[in-house]
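1. no sequence on this one, just coordinates:
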């Protein structure tokens, strides 16, 4: 497999850090993502007090069964006993 050199180690090692005022905290970011108009920041939960939209949702049992089926298939692919 051919590899393409994009930057040498010396070049990368000599880069100067970019001066910025980001504190490292997610809560200090601007333009945070939203779901249904609810900004994803702070201590939020999945239940915002709104009614879930109508839809065909799976039950916990259906979800657990599907995960079990997926794990069984992965075990077979990886040659593990089921």
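-> Yep, it's here. Keep in mind that this is a model prediction, so the values were computed, not measured. Numbers count the residues shown, from 1 in each chain.
2. My guess is residue 22 contacts residue 28. True?
-> Yes: taking C-beta atoms under 8 Å as the definition, residue 22 is a contact partner of residue 28 at 6.7 Å. No exception for glycine: its C-beta is placed from N, CA and C like everyone else's.
3. of those two, who's got more company?
-> Set side by side, residue 22 and residue 28 give different neighbour counts by other C-beta atoms under 10 Å, the larger being at residue 28 (11 against 8).
4. Next up, the contacts around that one.
-> By C-beta atoms under 8 Å, 6 or more residues apart in numbering, residue 28 lies in contact with residue 22.
5. and it, how far is that from residue 64?
-> Distance of residue 28 to residue 64, given as C-beta to C-beta, to the nearest Å: 38 Å.
6. Name the nearest residue to the most centrally placed residue in the chain, ignoring sequence neighbours.
-> Among the residues of the chain, the one closest to the centroid is residue 33, at 12.6 Å (C-alpha atoms, centre = their mean). Leaving out its chain neighbours, the residue that sits closest to residue 33 by C-beta to C-beta, 6 or more residues apart in numbering is residue 40, at 5.0 Å.
7. Next, the contact list for the one you found, please.
-> 32-34.
8. Select from these every entry located in strands.
-> Using DSSP state E, the subset of the contacts of residue 40 located in strands is residue 34.
9. so what's residue 12 scoring on pLDDT?
-> pLDDT for residue 12: 81.
10. quick check, distance from the helix or strand that it is a member of to the centre of its chain.
-> Residue 12 belongs to helix 9-13 when assigned by DSSP states H and E. Relative to the centre of its chain, helix 9-13 is centred 30 Å away, using C-alpha atoms, centre = their mean, to the nearest Å.
11. What segments of the chain are strands?
-> Listed in chain order (using DSSP E), the strands of the chain are 34-35, 38-39.
12. Deepest-packed of the ones you listed, please.
-> By mean neighbour count, with neighbours taken as mean count of other C-beta atoms under 10 Å, strand 38-39 ranks first of those at a mean of 12.
13. Mind checking the pLDDT average for that strand?
-> 80.
14. Thank you kindly, that will do.
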